[in-house]
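>>> Give me a model of this one.
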Amino acid sequence: MKKLITGALVLLILGAIVITLISNKEKRSIQVQNQKREMIATVSVAKVTKQPLIKKLSQVGVITANNDVLVIAETRGKVVRVFVEPGTSVKKGTPLVQVDNELAQAKLLAVEANFQKAQKDFERYLALHEEELITDSQYEAVRLALKAAKAEFTAAQRAYNNATVTAPIAGVLTKRMVNLGSMIGPQTPVANIVDISKLKVKLNLPEADVFRVKVGDPVAVETDIYPEVKFSGKITNISIKGDEAHTYPVEILIKNHSQNQLKAGMFCRVNFKLNNQNQATPEVLTIPREALVGSIKNPYVFVIKENQAYRRKITLGMEAGTTLEVKNGLTAGEAVVIAGQYDLKDQMQVSIAK
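Residues are numbered from 1 along each chain as shown. Model prediction:
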């Protein structure tokens, strides 16, 4: 009887072990399947095509103000009056702040009186000198005294005028650094004025493109803010010195619109108007710009074959808008990833979005 009970217990234990092993195997199988699903990335693809490209030159740039001036004080004292607030449009010479000028005014009056006396003395001595009633040295002393009095008067007048800080250019007061009661001195920043009636666009052109343009060439400027509006401009400067990446700074001047006003710091796209802009190239291999991974110097893409992504290094040619020429590394008809490529690894399983 005891043997029967022992045998039954052994069978129960063995059965429990077998069931546990089968259950663990199923769990591991489910985990492996889930991991495989997680490793499959969903991507969008586009075909490598062969087509002619229009020789156009387009580049992204940054809009800057035509003039951006930091107004600096040239006098010392306490601000007793504030004339304008930030955001106000000002003309050249518009008063911004007034510094206590009581002492400067008193000195100007005293110096002015001395200058007037020196002028009268000079006129009297000049007449005497012409009649040879005084010596040359006496006349020269009076002449020099008048010259010194005039210089002193000019300095005092300048100090008095500097007590009223004015706008050096026309524009918009973007910031005022002092308030009523502030103590300022020479070299104290008072305000910032920006002129955006005209704007500059700064960008860098590669050495292969910089010789296709010249100063004075017209350009068309587009922005995402006003997609239907094209701003006209012209090239005003092309640097003769490039940077380490072999690009050359180019500066473009455009006139701001009163209705569709641009602001400094915005991005824009500059379309250069070239003489051969309508000339098409022979058919070349092309991909969408979205497919590009890495930099222009070290470009690569992900090519899809049998639901696997393969990293492929390529050589780029010219650019036409959002289309890139591929000189080496791809063949026509291959599928390249245009969305989801930044999460991919070489030979990774993928699912193509419909």
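>>> Show me what F231 bridges to in the sheet.
Per DSSP bridges, the residues bridged to F231 are V221.
>>> and if you look at E251?
Counting by DSSP bridges, the residues bridging with E251 are K202, N237.
>>> Likewise for T323?
P288, A320.
>>> just checking, it touches I54?
No - between T323 and I54 there is no contact, the gap being 9.3 Å when judged by CB atoms under 8 Å. (Each C-beta comes from the backbone N, C-alpha and C, glycine too.)
>>> What separates the first and last residues of stretch 158-172, distance-wise?
26 Å (CA to CA, to the nearest Å).
>>> quick one: contacts of it?
67, 69, 71, 73-75, 77, 87-101, 104-105, 107-108, 173, 190-191, 193-197 (CB atoms under 8 Å, 6 or more residues apart in numbering).
>>> taking those residues one by one, which sit in helices?
Secondary structure defined by DSSP state H assigns A104, Q105, K107, L108 of the contacts of stretch 158-172 to helices.
>>> Return the residues in contact with the second one.
So that's Q105. Y160.
>>> okay, it: pLDDT?
Predicted confidence (pLDDT) for Q105: 91.
>>> Specify the beta-bridge partners of V69.
I193.
>>> any idea how far K92 is from it?
As judged by CB to CB, to the nearest Å, V69 and K92 stand 11 Å apart.
>>> and what of L126?
For L126 relative to K92 (CB to CB), the value is 40 Å.
>>> Settle it for me: which of those two has more neighbours?
L126 (15 against 12; other CB atoms under 10 Å).
>>> Quick check, pLDDT for that one.
Per the predicted model, pLDDT is 90 at L126.
>>> Is it in a helix, a strand, or coil?
Of the three states, L126 takes helix under DSSP: H, G, I helix; E, B strand; the rest coil.
>>> Go ahead and confirm V219 touches R269.
No - counting by CB under 8 Å, V219 stays clear of R269, with 10.2 Å between them.
>>> ok so, going back, which two in the ones in helices among the contacts of stretch 158-172 are spaced the farthest apart?
Maximum pairwise distance in the ones in helices among the contacts of stretch 158-172, criterion CB to CB, is 7.4 Å, between Q105 and K107.
>>> all helices of the stretch 201-350 of the chain, in order?
Along the stretch 201-350 of the chain, counting by DSSP state H, counting those that start in this stretch, helices occupy 207-210.
>>> Where does the prediction get shaky in it?
275-281, 296, 321 (pLDDT under 70).
>>> Just the endpoints, please. Distance across stretch 70-86?
13 Å.
>>> same deal with stretch 204-213?
End-to-end distance (CA to CA), stretch 204-213: 12 Å.
>>> quick revisit: find the residues that touch each one of T323 and I54.
Between them, T323 and I54 share no contacting residue, judged by CB under 8 Å, 6+ apart.
>>> Most neighbours of all the ones in helices among the contacts of stretch 158-172, which one?
That'd be A104 among these, by other CB under 10 Å, with 21 neighbours.
>>> Quickly note the distance from it to R76.
10 Å.
>>> same check, this time on S44
Taking CB to CB, one finds S44 at 66 Å from R76.
>>> Before we move on, what's the pLDDT of the closest residue to P189 other than its chain neighbours?
Once flanking residues are discounted, P189 sits nearest to M177: 4.8 Å by CB to CB, 6 or more residues apart in numbering. Note for M177: predicted pLDDT of 94.
>>> from now on call the first residue 74
Okay, residue one is now 74; in that scheme the one you just asked about reads as M250.
>>> ok, M250 - contacts?
T261, P262, V263, A264, N265.
>>> 10 Å - rerun?
L143, V144, A146, V170, I257, T261, P262, V263, A264, N265 (CB atoms under 10 Å, 6 or more residues apart in numbering).
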